[in-house]
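K.L.:
From the sequence below, what's the structure:
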Amino acid sequence: MCLTCGRLFSQIYSKKVVDSVIVPGADGEYGVTAGHSPIVAELKAGVVQVLHKGSADAEKFFVSGGFALSHEDDTTDISAPEIARLEDLDENAIRTGFADATTKLSSAGDETAKAEAQIEMETFKAMGAALGIAL
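P.N.:
Have a look, this model is predicted:
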């Protein structure tokens, strides 16, 4: 199967041949291999795992959300607002970001500010979970 993966103005992969990919769908995590039925899925914040041919270890990326589109021709496109290699995530920055978002939530004056702070908290919490950090 071929994988295209990235965000709006930068791609990590462009039609890269891979064995399979596991994506964090909003309705649950699922895997895609060659021959998968066409599907469009919303992604939740979580980890995309790319399994390359001949490798037992998955390459892992954190996505903040987005969409995955699997096509009839054995291609899958993943588009996310933010995507980062798991090894590039900074544990201290995640903890600080979560604490700051918690403070924003408790002092939010209107529903929009509360919603924005809640989204930040959930994203930092998902990043922490991707690294095995409990927040």
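K.L.:
how many neighbours does residue 3 have?
P.N.:
Using other C-beta atoms under 10 Å, residue 3 is surrounded by 25 other residues. Where C-beta positions appear, they are placed from N, C-alpha and C, glycine not excepted.
K.L.:
May I have the beta-bridge partners of it?
P.N.:
Beta-bridge partners of residue 3, counted by DSSP bridges, are residue 16, residue 76.
K.L.:
same check, this time on residue 29
P.N.:
The partner residues for residue 29, given DSSP bridges, come to residue 24.
K.L.:
What separation is there between it and residue 16?
P.N.:
21 Å (C-beta to C-beta, to the nearest Å).
K.L.:
OK, contacts around the spatially most central residue of the chain?
P.N.:
With distances taken as C-alpha atoms, centre = their mean, the residue of the chain nearest its centroid is residue 63 (2.0 Å). Residues counted as contacts of residue 63 (C-beta atoms under 8 Å, 6 or more residues apart in numbering) are 24, 43, 45, 46, 47, 48, 78, 80, 82, 83.
K.L.:
what about the fifth one, helix or strand, and which?
P.N.:
Counting by DSSP states H and E, the secondary-structure element that holds residue 47 is strand 46-51.
K.L.:
Averaged pLDDT, that strand. What do you get?
P.N.:
In this model, strand 46-51 has a mean pLDDT of 96.
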